[in-house]
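Colleague: okay, sequence plus prediction incoming.
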Amino acid sequence: MPGAIYAEGLVKTFGDVRALDGVDLDVPEGTVLGLLGPNGAGKTTAVRCLTTLLRPDSGKAVVAGIDVLKQPNEVRRSIGLSGQFAAVDEYLTGRENLQMVGQLYQMRSKAAKARAGELLEQFHLADAADRPTKTYSGGMRRRLDLAAALVVSPPVMFMDEPTTGLDPRNRQELWEVIKQLVAGGTTLLLTTQYLEEADHLAHDIAVVDHGRVIARGTSDQLKARTGGERVEVVVHEREHMGTAAEVLGGFGKGSTTVEEHTRKLTVPVTGGAKLLAEVIRELDTRGIEIDDIGLRRPTLDDVFLSLTGHVAEAGRNGPAADAGREDKDKEKKEAAK
Ligand SMILES: Nc1ncnc2c1ncn2[C@@H]1O[C@H](COP(=O)(O)OP(=O)(O)OP(=O)(O)O)[C@@H](O)[C@H]1O
Ligand SMILES: [Mg+2]
């Protein structure tokens with residue numbers, strides 16, 4: 001029996017771009033699927049197809065037991081969606097926005113008011129509840145948008161990058177809200193650029209690239225597949241990074257990742273502590289001073305990098321993150337050297 005979210009061979013093209021190139025998904029009831037993938041992989045397109053906002057060119061999708069293509073209206077009544085870009089009415093207050101959603105779902109006005117109040121508290125928006133949302137910060141809008149998706153508790157929820165742009169405290173709090181939802185039986189498909197988020201919340205992970213699911217499994221299964229350990233070195237002097245990359249390259253079983261801003265280099269290895277000692281000696285011989293060095297197991301970031309060739313671009317909204325992005329581009333160039 002297919003799960004609460006099921007897709008088979010979903011294809012969606014935009015002109016020459018095959019945004020979805022035959023996506024299969026199956027999310028068992030009451031579980032969380034994390035959809036990971038680099039920018040442009042097709043995550044939002046998949047969410048839009050599954051939530052009836054976009055009609056796929058071909059393929060099949062069933063959500064909450066209802067055929068998405070044949071009965072889109074029925075599907076809409078059974079799902080909640082929080083999109084990648086917050087969709088709140090700028091001129092209404094936070095409270096009015098939430099009450100309006102309740103009314104759209106035909107809640108009684110008293111119940112809608114009570115629910116709005118609860119959510120405003122839960123998402124730390126009570127103080128700003130009666131201000132027009134155009135005065136809200138980005139993080140506040142994001143929180144309001146998520147609260148709006150939770151006004152009614154639909155059996156199946158979709159969240160497209162729910163915590164992008166939230167600060168760490170708000171992110172953690174949202175994770176708690178999501179965990180409670182799932183504990184209550186909600187099925188969730190979530191896309192995220194924060195691999196830690198997928199690690200934390202998702203029972204199962206699907207990695208998407210170029211419109212296809214290229215890997216699937218639990219976080220542990222994917223890490224085990226990536227295999228080996230990682231040597232991680234922080235060099236003291238920025239100008240030594242090139243030489244250090246050369247040294248690590250000589251010991252590595254894969255390409256070296258270079259993080260300019262933190263002066264950190266990472267390379268997959270096999271050989272454990274003995275190899276680590278050799279790396280330290282070689283760095284020393286070359287006169288490279290190090291601040292830190294260690295051996296660690298692969299993270300979900302390593303999995304992502306080895307599968308897609310991309311570094312995950314967490315929190316890329318906003319000027320500070322854009323600066324980080326330039327660093328990432330540099331990193332890739334460095335890594336390619
Ligand atoms: N309405 C559209 N018209 C034309 N091309 C589109 C449209 N929507 C998406 N695309 C293209 O389809 C591909 C997949 O886009 P999509 O938004 O699904 O990626 P994504 O995985 O959500 O990326 P991101 O991580 O940046 O949110 C991209 O190449 C994108 O440019
Ligand atoms: Mg997207």
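Modeller: Here it is on my side, so go on. Ligands and ions are numbered 1, 2, ... in the order given.
Colleague: phi and psi next, for the nearest residue to Arg296 once chain neighbours are set aside.
Modeller: In this structure, Arg296 finds its nearest non-sequential neighbour in Arg230, 5.3 Å apart by C-beta to C-beta, 6 or more residues apart in numbering. To be clear about C-beta, it is placed using only N, CA and C from the backbone, and glycine gets the same treatment. In terms of degrees, to the nearest 10, the main-chain angles of Arg230 are phi -130, psi 140.
Colleague: how much space is there between the residue located most distally from the centre of the chain and Thr243?
Modeller: Outermost residue of the chain with respect to the C-alpha centroid, by C-alpha atoms, centre = their mean, is Thr285; its distance is 41.4 Å. Computed as C-beta to C-beta, to the nearest Å, the Thr285 to Thr243 distance reads 11 Å.
Colleague: how many residues are close by the residue nearest to Gly217 when sequence neighbours are not counted?
Modeller: Sequence neighbours aside, Ile205 is the residue nearest to Gly217 in space, at 6.6 Å (criterion: C-beta to C-beta, 6+ apart). A count of nearby residues for Ile205, using other C-beta atoms under 10 Å, gives 24.
Colleague: how much space between Ile205 and Arg142?
Modeller: For Ile205, the distance to Arg142 equals 23 Å [C-beta to C-beta].
Colleague: secondary structure class of the residue lying closest to Leu98 once chain neighbours are set aside, three-state.
Modeller: Spatially, and ignoring its direct neighbours in sequence, Leu98 is nearest to Ala116 (3.7 Å; C-beta to C-beta, 6+ apart). Three-state call for Ala116 (DSSP: H, G, I helix; E, B strand; the rest coil): helix.
Colleague: equivalent analysis for Arg18, please.
Modeller: strand.
Colleague: one step back: would the residue nearest to Gly217 count as being in a strand?
Modeller: Yes: per three-state DSSP, Ile205 lies within a strand segment.
Colleague: beta partners for it?
Modeller: Counting by DSSP bridges, Ile205 is bridged to Gly34, Gly217.
Colleague: element containing the closest residue to ligand 2 within the chain, please.
Modeller: Here the chain gets closest to ligand 2 at one residue, Thr44, 3.1 Å apart by C-beta to the ion. Element membership for Thr44 (DSSP states H and E) is helix 43-50.
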